[in-house]
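K.L.:
For reference, the sequence and a predicted model appear below.
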Amino acid sequence: MTRRQIHLIHNDGVGGGPIVVGQHLLYFAQKGWEVELWCGGEGRASEVAREVGGKVRRFKLERSVFGALWEIPRLAWELRRRKPDVFVLHGQWAGPVGAVAARIAGLRNVVYVAHCPAFYHSTSLWRVLRNYFAEIVPCRLAKRVVALSYGSWYGYLYRGWVPEGHLVEIKNGVDLRIVPTSEEAKAFREQNLKPVSDVHAVFVGRIDDQKRVDWLLEAWAEAIRIRPTAAPGWHLWIVGGGSSSGNEEEKVKKLALEMNLGENVHFVGQRRDSMLWIAAGDYVVMSSLYEGHALVPLEAMACSKAVVAFNTHGIEDSVIHEETGLLAMLGDTNELGNMIAKIAMDESLRRKMGQRGRKRCEELFRVEYSLKKYEFLYEELMQKG
């Protein structure tokens with residue numbers, strides 16, 4: 001009898017979440033499962049679902065919190081009709097909305113994958129209350145809660161939101177089969193990263209208050225101050241865009257001009273070929289305030305690139321300081337700038353760190369290792385009924 005698996009994500013848009021969902025859909029379809037994607041928006045996960053013959057169903061989850069809540073009755077009705085063996089909730093708003101709908105429908109095998117726990121966003125009283133609801137509901141109603149990093153796992157543990165025995169940690173992985181070849185990376189560099197002989201740093205991610213591109217620009221300015229004669233040969237490529245509802249991208253572009261960084265800081269917008277940018281660059285730089293378990297460092301290591309970033313949750317699990325990259329104290333843009341200058345000046349260091357990162361990725365972060373753990377988890381839940 002064919003087993004059915006349904007994945008719910010509130011927005012199949014940009015970011016690591018849809019990529020991870022796509023990995024799940026591909027893997028389990030190849031294992032003989034019938035897979036479905038329920039989502040708001042349209043993006044990579046939807047493409048993968050169609051490629052493997054899975055159904056894609058649209059729900060109005062991505063527009064607003066209240067709009068997502070209104071979809072609970074429809075979700076519950078569809079769940080009663082489709083009767084999945086496993087219902088997997090990915091990230092914010094899919095978590096509480098899907099968990100309530102599953103409870104109404106009488107589903108037991110519900111897994112909540114906490115891509116980026118909402119408690120990281122609690123910066124105001126409204127957000128504290130909203131985020132408490134967003135987390136406590138799926139944590140209490142789901143059979144298992146999956147944290148993607150040690151920091152997230154500990155955050156749930158000390159808050160006591162997840163019933164005993166229901167919290168597990170499964171880190172993300174990267175598909176080494178899709179890493180660009182050296183020939184592809186070279187051709188892309190010659191076409192897009194010019195001058196080719198200069199040193200090119202690559203940032204990949206959304207431009208928002210989580211990724212803190214403003215901090216990155218401050219660090220870049222500090223690196224220039226440290227090495228003013230070498231800096232004209234350094235370039236920072238920002239691969240990503242802001243959200244449709246905000247003006248974060250325009251703010252950081254304006255900041256770059258105000259800081260006189262316009263000649264060597266390049267905004268290329270949202271791209272589907274981000275791994276080619278990583279492979280073609282000389283190293284990867286990040287400035288995130290927090291992460292669930294970021295895919296970008298894993299992709300960088302898969303491409304044999306050193307990573308320079310802040311030492312924060314979701315990055316410290318992947319990057320080893322002074323082994324596979326350099327990690328600065330969170331928020332210390334001067335220290336991050338020093339590390340940018342250090343790695344930009346030392347090609348041998350970049351190469352050694354990149355090689356170690358590739359080895360670490362092969363040993364620990366292959367996507368099949370991650371998905372095998374999910375497979376065991378789903379089998380366990382079904383055996384317990």
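P.N.:
Happy to help now that I have it.

K.L.:
what's near enough to touch the residue nearest to P180 when sequence neighbours are not counted?
P.N.:
Using CB to CB, 6 or more residues apart in numbering and skipping the chain neighbours, the partner closest in space to P180 is A279 (4.2 Å). Just so you know, the C-beta spots here come from the backbone N, C-alpha and C atoms, and that holds for glycine as well. By CB atoms under 8 Å, 6 or more residues apart in numbering, the contact set of A279 is V179, P180, E184, A185, F188, C303, K305.

K.L.:
quick one: A279 from V204, how far?
P.N.:
A279 sits 11 Å away from V204, going by CB to CB, to the nearest Å.

K.L.:
so where do the strands sit in the stretch 201-350 of the chain?
P.N.:
Remark: strands assigned in the stretch 201-350 of the chain by DSSP state E, counting those that start in this stretch are 234-239, 265-269, 283-285, 306-310, 325-328.

K.L.:
From G205, how far off is the nearest residue to N334 once chain neighbours are set aside?
P.N.:
Counting by CB to CB, 6+ apart, N334 lies nearest to E222, which is 5.3 Å off, once chain neighbours are set aside. Distance, E222 to G205, using CB to CB: 20 Å.

K.L.:
what about the two, which has more around it?
P.N.:
Neighbours were tallied for E222 and for G205 using other CB atoms under 10 Å; the higher tally belongs to G205 (25 against 18).

K.L.:
Report the contact partners of that one.
P.N.:
Per CB under 8 Å, 6+ apart, neighbours of G205: K211, V239, G240, M286, S288, V296.

K.L.:
Is it possible to get JSON lines of those residues that adds distance to G173, neighbour count and pLDDT?
P.N.:
Shown next, in JSON lines, are the contacts of G205 (distance: CB to CB, whole Å; neighbours: other CB atoms under 10 Å; pLDDT from 0 to 100):
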{"residue": "K211", "distance to G173": "22", "neighbour count": "26", "pLDDT": "94"}
{"residue": "V239", "distance to G173": "21", "neighbour count": "21", "pLDDT": "97"}
{"residue": "G240", "distance to G173": "22", "neighbour count": "23", "pLDDT": "93"}
{"residue": "M286", "distance to G173": "18", "neighbour count": "26", "pLDDT": "98"}
{"residue": "S288", "distance to G173": "19", "neighbour count": "22", "pLDDT": "95"}
{"residue": "V296", "distance to G173": "13", "neighbour count": "28", "pLDDT": "97"}
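
K.L.:
with those in mind, which one is nearest to V319?
P.N.:
Nearest to V319 among the contacts of G205, counting by CB to CB, is M286 at 9.0 Å.

K.L.:
Now for the closest one: which residues touch it?
P.N.:
Taking CB under 8 Å, 6+ apart as the test, what M286 contacts is F203, G205, K211, L216, A294, V296, P297, V307, V308, A309, F310, I315.

K.L.:
Touching, G17 and G91? I think so.
P.N.:
Yes - the criterion here is CB atoms under 8 Å, and G17 meets it with G91 at 5.2 Å.
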